[in-house]
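Novice: I'll drop the sequence and a predicted model, then ask my questions.
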Amino acid sequence: MHRGFDTLALSIQAHIGTELFDYLEREKTRAEDEQREVLVEYEGLQFHLKPYGGKGYRFLLDGGPDGASWAIKKPNARDGWGIRISFGSFFLAMHGLGAAKAHCEQVLGRFGVSFGREDVSISRADFCVDILANGFTLHPDQMVMHSAAKRSDHIEADTGLRVNGKSGQVTSVTVGSIKNRQVIIYNKRAEVIARGKAHWWMIWNDTLSKGPHGTPAPSILYKEAKFGPLTPDPAKAKDNQIWRIEFRAGKSLLKDRWGIRTWGQFFDRFGDLCRETGQVVRYCDPDPRDTNRSRWPIHALWETACAEINDDLVEMRSGADPNPMKEVHREQHIGTVFRNILGNSITLAALHGKPATDLPDMFATTAQQMTDAIKADPAKTERQLREAKERYVFIQKPTDPM
């Protein structure tokens with residue numbers, strides 16, 4: 001249903017110039033004074049600047065879902081690695097690894113930062129495959145790995161609570177450490193619903209309609225799987241089971257074992273790194289006649305995932321149009337805000353002792369009170385509206401005025 005990079009983090013051995021530093025310093029002071037993220041613009045680029053730093057970085061900037069997160073240090077001759085860049089799942093799913101590299105270079109160019117090929121250090125890369133596997137049940141004991149690897153299981157009971165026991169349903173199994181090599185199998189459908197990541201339904205349904213990356217038809221694990229649009233509807237859950245297999249490579253695995261630091265090394269060797277990961281950690285079908293788990297046959301889910309991961313990884317992206325995804329984000333926020341307004345208005349009516357039949361009149365009275373409040377302090381209202389528009393600038397319609 002989808003394959004591609006899910007996370008990418010890298011550092012740049014360079015520092016920003018005095019002009020940009022002074023600008024960010026002034027804007028950070030404003031953010032601290034106003035105790036909120038502020039929208040900053042530099043050379044045609046927009047970011048949300050946080051009112052704090054962290055982990056040695058003075059400035060933390062967020063470029064929105066179609067951009068990257070930037071952590072920038074105060075220039076220091078004793079610490080050359082002054083910039084850290086992180087890409088999330090939305091950007092990588094929509095645009096791919098090549099676009100991430102181009103985005104880094106474009107933004108750094110606008111920042112006036114010069115750097116060479118050896119001034120790049122990639123510190124984390126995650127690659128994932130989503131598989132429609134209706135009827136699949138995850139069994140932690142079928143994970144076969146090196147004896148030194150650590151495994152953690154998340155078990156979810158019917159109530160939706162995480163519990164320790166055998167009566168619940170296993171929703172994820174994680175092997176290894178994120179600093180080195182980590183593999184995770186988890187119920188992506190459940191995670192998407194729990195975290196409100198509605199854009200994934202559009203990505204998966206786009207695959208159902210077009211096939212993965214333009215191929216004629218979607219790859220399926222179980223041929224009896226029913227296609228239809230995929231939906232969070234609980235009534236259709238059994239026909240909408242998406243499981244994700246994710247290979248995560250941390251700095252130790254990338255740099256120390258595989259000698260991967262620069263873009264060139266990454267493009268040359270990351271595919272082989274993933275191939276090795278799929279061999280040292282495996283999800284198997286148990287063989288009751290063989291007590292040696294290392295000889296168990298590979299499960300079809302793992303075979304499918306490894307076949308996808310072993311393909312050319314460089315330009316993997318969903319192929320879906322990112323603009324409807326922004327609309328989904330915007331509608332999600334609108335829906336949430338409306339439900340909050342409605343719920344708070346009903347609570348207000350309850351506090352006033354109103355019966356249900358008086359709710360329409362109560363709502364009208366509340367609306368008038370809100371109108372009177374904005375007329376009483378138009379400057380405050382204008383400031384609040386401007387700050388709200390800045391907060392959601394990355395998901396506004398292009399025609400929406402700021």
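Specialist: Good, I have the coordinates. Residues are numbered from 1 along each chain as shown.

Novice: spatially nearest residue to residue 47, not counting backbone neighbours?
Specialist: Ranked by Cβ to Cβ, 6 or more residues apart in numbering and with sequence neighbours excluded, the top spatial neighbour of residue 47 is residue 61, at 4.0 Å. For the C-beta atoms, the positions are set from N, CA and C on the backbone; glycine is no exception.

Novice: can you name the residues bridging to the one you found?
Specialist: On DSSP bridges, the residues paired with residue 61 through beta bridges are residue 49, residue 70.

Novice: listing partners with orientation, what would you give for the one helix or strand residue 121 maps to?
Specialist: With secondary structure defined by DSSP states H and E, residue 121 is part of strand 120-132. In the sheet containing strand 120-132, its partner strands are strand 2-12 (antiparallel), strand 242-249 (antiparallel), by DSSP bridges.

Novice: need these in JSON lines with distance to residue 172, mean pLDDT and mean neighbour count, can you?
Specialist: Below are the strands paired with strand 120-132 laid out as JSON lines (distance: least, Cβ to Cβ, whole Å; pLDDT from 0 to 100; neighbours: other Cβ atoms under 10 Å):
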{"stretch": "strand 2-12", "distance to residue 172": "15", "mean pLDDT": "94", "mean neighbour count": "22"}
{"stretch": "strand 242-249", "distance to residue 172": "9", "mean pLDDT": "94", "mean neighbour count": "24"}
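
Novice: would JSON lines of those with distance to residue 27 be doable?
Specialist: As requested, the strands paired with strand 120-132 are arranged in JSON lines below (distance: least, Cβ to Cβ, whole Å):
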{"stretch": "strand 2-12", "distance to residue 27": "21"}
{"stretch": "strand 242-249", "distance to residue 27": "34"}
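
Novice: number of nearby residues for residue 50?
Specialist: Residue 50 sits with 19 neighbouring residues when counted by other Cβ atoms under 10 Å.

Novice: what's it in contact with, if anything?
Specialist: With contacts defined as Cβ atoms under 8 Å, 6 or more residues apart in numbering, residue 50 is in contact with 31, 37, 59, 60, 61, 62.

Novice: who wins on neighbours among those?
Specialist: The member of these that has the most neighbours, counting by other Cβ under 10 Å, is residue 59 with 25 neighbours.

Novice: just to revisit the earlier point, how far away is the residue nearest to residue 47 from residue 51?
Specialist: 12 Å (Cβ to Cβ, to the nearest Å).

Novice: then residue 202?
Specialist: Using Cβ to Cβ, one gets 33 Å for the distance from residue 202 to residue 51.

Novice: so who does residue 57 touch?
Specialist: Residues near residue 57 by Cβ under 8 Å, 6+ apart: 71, 72, 73, 84.

Novice: what's the closest non-adjacent residue to the residue most central in space within the chain?
Specialist: Nearest to the mean C-alpha position of the chain, counting by Cα atoms, centre = their mean, stands residue 89 at 3.7 Å. The spatially closest residue to residue 89, leaving aside those adjacent along the chain, is residue 6, at 4.7 Å (Cβ to Cβ, 6+ apart).

Novice: hmm, the one you found is touching residue 96, no?
Specialist: No: shown here, residue 6 and residue 96 do not form a contact pair, counting by Cβ atoms under 8 Å, at 11.8 Å.

Novice: for the residue nearest to residue 89, give me its contacts.
Specialist: 89, 92, 93, 126, 127, 128, 246.

Novice: 6 Å instead, please
Specialist: For residue 6, the residues meeting the contact criterion (Cβ atoms under 6 Å, 6 or more residues apart in numbering) are 89, 126, 128.

Novice: among those, which one sits closest to residue 381?
Specialist: For the contacts of residue 6, the closest approach to residue 381 (Cβ to Cβ) belongs to residue 89, at 36.4 Å.

Novice: any idea where the helices of the chain begin and end?
Specialist: If DSSP state H is used as the criterion, the helices of the chain fall at 18-34, 89-111, 188-195, 199-210, 251, 263-280, 300-309, 322-351, 359-376, 378-391.

Novice: what pLDDT does residue 89 get?
Specialist: The score at residue 89 is 90. That number is its pLDDT.

Novice: ok, it to residue 308 distance?
Specialist: Going from residue 89 to residue 308 by Cβ to Cβ gives 17 Å.

Novice: where does the prediction get shaky in the stretch 301-402 of the chain?
Specialist: 312-329, 395, 397-402 (pLDDT under 70).

Novice: out of the helices of the chain, nearest to residue 287?
Specialist: Comparing the helices of the chain under Cβ to Cβ, the one sitting nearest is helix 300-309, at 14.7 Å.

Novice: can you report phi and psi for residue 114?
Specialist: Backbone torsions of residue 114, given as degrees, to the nearest 10, read phi -100, psi 140.

Novice: what about the residue lying closest to it once chain neighbours are set aside, neighbour count?
Specialist: Distances taken as Cβ to Cβ, 6+ apart put residue 14 closest to residue 114, at 6.7 Å, once the chain neighbours are dropped. Other residues lying near residue 14 total 19 when counted by other Cβ under 10 Å.
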